[in-house]
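Enquirer: Have a look; sequence and predicted model below, questions after that.
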Amino acid sequence: MHLAIVGQVVGLVTALIGVAMLAPLGLAMALGERDVTALAISAGVAFVAGSAAALVLRRRGTDLGRREGLVAVFLSWVAAGLFGALPYWLYARLEGFPALDSVTACLFETMSGLTTTGATVIGDVESLPHGLLLWRSMTQWLGGMGIVVLFVAVLPMFGLAAQALFRAEVPGTTKDKITPHLRDTARLLWSVYVGITVLGILALALAGMGWFDAVCHGLATMATGGFSTRNTGIMAFDSPAIELVLVFFMAVAGINFALHVRLLNTRQPRVYWRDLETRLYLLILAGFSLAIALTTWIGGAVDGPLPALRHGVFQVVSLMTTTGFNSADFGGWLEAAPLAPVLLIVTMMIGGSSGSTAGSMKVSRLIVLIKHGWRELALAGHPRAVIPVRVGGQLIPEPIVSLTAAFFFLYMAHFVVGTALVALTGEDLVTSISAVAATLGNVGPGFGAVGPTCNYAGLSPFVLWVLTYLMLVGRLELITALVLLSKTFWRR
């Protein structure tokens, strides 16, 4: 294990976090608000510490293999969480902001942003200055496509070693080589990501959002993050036009970004419908949207068929893409239409497409699991038969099938154990189940005490640490993080 190169990567990623803080710092300085000092110190500390570590650990070789890549990715996310929390912690100390008066709360808020979860411990986000509000949205945007993928895209010094980093950073990108060189692939993905984000911001502004709100919500939307600049989220705007724009861009963010690149190259929208995962993703969105609309309308949770369709579509797209925006208080649907929350939790756990910025289990894994299940049923009657798993006409290698099954087991194990740990602290079962589902799937809001009009501030520090862990391993899709606990991983 070449730890020096791992440290160099982590240092450079930390320095990038410091550079990213310059944008909210510039806004704070232009507006003359109280968060200037906190942002300036944080940017300086992150940049100096990261650059110093990279310089001290620099080496001529780039012996960064698969193991080093996994360790570097995990530690980069931890470092980004720690240094990204500095602006919150310093602002709370300098200006007296009770919601962020503990390290636990600051780390929870930062990890929620970087993992694009969108869960918050801040009850009154509108009281935050503009610089910190922009930083909240930027943490989500940076984490959406992946901070390590950004590192691969903009820093050229690692050559072939970049492959190990790129392939270890599975969520938010694609393992496929869109171009012959992975660095070019990373740059192309980030270019498309930036381009669609700009289009989303412009569309929100044209729909009636103020420019600052449009920028923050545009960043959060493409990252499928869900942080809002308003206490009541998208409900505060009460605008069908804004909701329609958000539905479109959330749905786009939940599709494999490799297909967006392919669309640019071929100019043929049929590339989406030809992809089995995308077809199923869109059909699930449509089916669950209709089901939620009918359930809430019949149950009287929403007044009229059109409002039911409006909020049903928005909430299904928002939660299945793991964005977490709310156009209505869907937590209040529990009594009038108890089936609706169950269906919404199911959408949370399905998630978007592979290669998208969405979290949770992903539709591609759902397809493989279903195909694998049917094969096992067939083998029960014909044990000597050789039945490969095929998806969209392509043969799925057995190691991928096994890895998918292992991921599903680990995901459900984390869900069950996490729910038990939260419930043991005295939280009700609805809150416990939805909080774990929302953080493990990087969704954000849940039901009960963590509903769309509530926040996570009322939970104990122990629960916040449990949920912070779930957010991190959920964003890294479990295997990247948990493989570090294996003894065989550290053997030569």
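Expert: Yep, it's here.
Enquirer: now G426, what's its secondary structure?
Expert: Three-state assignment for G426 (DSSP: H, G, I helix; E, B strand; the rest coil): coil.
Enquirer: Just confirm E33 is within a helix.
Expert: No. Applying three-state DSSP, one finds E33 to be coil, outside a helix.
Enquirer: which residue is nearest the centroid of this structure?
Expert: Nearest to the geometric centre of the chain sits T116, at 3.3 Å (Cα atoms, centre = their mean).
Enquirer: That one against T357, yeah?
Expert: Yes. Judged on Cβ atoms under 8 Å, T116 makes contact with T357 at a distance of 6.5 Å. Glycine gets a C-beta too; all of them are placed from N, C-alpha and C.
Enquirer: Return the distance of the residue lying farthest from the centre of the chain relative to A378.
Expert: The outermost residue of the chain relative to its centre, with distances by Cα atoms, centre = their mean, is R384 at 42.4 Å. Separation of R384 from A378 (Cβ to Cβ, to the nearest Å) stands at 12 Å.
Enquirer: Where do the strands of this structure begin and end?
Expert: With DSSP state E as the criterion, the chain has strands at 390-391, 394-395.
Enquirer: who touches the last one?
Expert: Just to be clear, that refers to strand 394-395. By Cβ atoms under 8 Å, 6 or more residues apart in numbering, the residues outside strand 394-395 that reach it are 388-389.
Enquirer: if we go to 6 Å?
Expert: With Cβ atoms under 6 Å, 6 or more residues apart in numbering as the test, strand 394-395 has contacts from P388.
Enquirer: What pLDDT does the model give the residue nearest to L55 when sequence neighbours are not counted?
Expert: Distances taken as Cβ to Cβ, 6 or more residues apart in numbering put G11 closest to L55, at 7.9 Å, once the chain neighbours are dropped. Predicted confidence (pLDDT) for G11: 92.
Enquirer: my guess is G11 contacts A49, does it?
Expert: No. The pair G11 / A49 is not scored as a contact, 7.7 Å apart, by Cβ atoms under 6 Å.
Enquirer: Of those two, give the one with the bigger neighbour count.
Expert: Neighbours were counted for G11 and for A49 using other Cβ atoms under 10 Å; G11 has more, 22 against 17.
Enquirer: so what's the residue found closest to C454 once you drop the neighbours it is linked to in the chain up against?
Expert: Spatially, and ignoring its direct neighbours in sequence, C454 is nearest to G331 (7.3 Å; Cβ to Cβ, 6+ apart). Shown in contact with G331 (Cβ under 6 Å, 6+ apart): 447, 451-452.
Enquirer: Where does pLDDT dip in the stretch 51-200 of the chain?
Expert: 59-64, 147-183 (pLDDT under 70).
Enquirer: can you do 80?
Expert: 58-69, 146-187 (pLDDT under 80).
Enquirer: Overlap in contacts, T116 and T357.
Expert: The contact lists of T116 and T357 share 144, 223-224, where a contact means Cβ under 6 Å, 6+ apart.
Enquirer: what residues are up against the residue farthest from the centre of the chain?
Expert: No contacts exist for R384 under Cβ under 6 Å, 6+ apart.
Enquirer: And the pLDDT for it?
Expert: 80.
Enquirer: Kindly report the same for G359.
Expert: Listed pLDDT for G359 reads 85.
Enquirer: again, but for A378
Expert: The predicted local confidence for A378 is 85.
Enquirer: and if you look at S486?
Expert: pLDDT at S486 comes out at 78.
Enquirer: how close does it sit to R67?
Expert: Relative to R67, and taking Cβ to Cβ, S486 is found at 11 Å.
Enquirer: who has more neighbours, those two?
Expert: More neighbours surround R67 than the other of S486 and R67, with 18 against 9 (other Cβ under 10 Å).
Enquirer: so how far is P98 from V245?
Expert: Taking Cβ to Cβ, one finds V245 at 34 Å from P98.
Enquirer: Please say which of the two ends up with more neighbours.
Expert: Counted by other Cβ under 10 Å, V245 and P98 do not tie: V245 has more neighbours, with 25 against 12.
Enquirer: What's the mean pLDDT across stretch 332-349?
Expert: pLDDT averaged over stretch 332-349 gives 91.
Enquirer: Give me the contact list for it.
Expert: Contacts for stretch 332-349 (Cβ under 6 Å, 6+ apart): 288, 291-292, 295-296, 299-301, 316, 319-320, 360, 437, 441, 443, 447.
Enquirer: likewise stretch 136-145?
Expert: 84, 113-116, 172, 190, 193, 216, 219-220, 223, 225, 227, 357.
Enquirer: Show me the residues you listed that map onto helices.
Expert: Applying DSSP state H to the contacts of stretch 136-145, the entries found in helices are 84, 113-114, 190, 193, 216, 219-220.
Enquirer: Now which of these would you call buried?
Expert: 84, 113-114, 190, 193, 216, 219-220 (16 or more other Cβ atoms under 10 Å).
Enquirer: Turn these into a markdown table, columns for distance to V252.
Expert: Formatted as a markdown table, these follow (distance: Cβ to Cβ, whole Å):
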| residue | distance to V252 |
| --- | --- |
| G84 | 26 |
| G113 | 21 |
| L114 | 21 |
| W190 | 16 |
| Y193 | 11 |
| C216 | 18 |
| L219 | 14 |
| A220 | 14 |
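Enquirer: which among these gets closest to N256?
Expert: Lowest distance from N256 to these (Cβ to Cβ) belongs to Y193, with 12.5 Å.
Enquirer: what's the distance between that closest one and T357?
Expert: 8 Å.
Enquirer: The closest residue to A405 other than its chain neighbours: how many residues sit nearby?
Expert: Nearest residue to A405 in three dimensions, chain neighbours excluded: H372, at 6.6 Å (Cβ to Cβ, 6+ apart). When neighbours are defined as other Cβ under 10 Å, H372 has 18 of them.
Enquirer: right, and H372 touches V401 too?
Expert: Yes. Counting by Cβ under 6 Å, H372 touches V401, with 5.5 Å between them.
Enquirer: where does V121 sit relative to A105, distance-wise?
Expert: As judged by Cβ to Cβ, V121 and A105 stand 5 Å apart.
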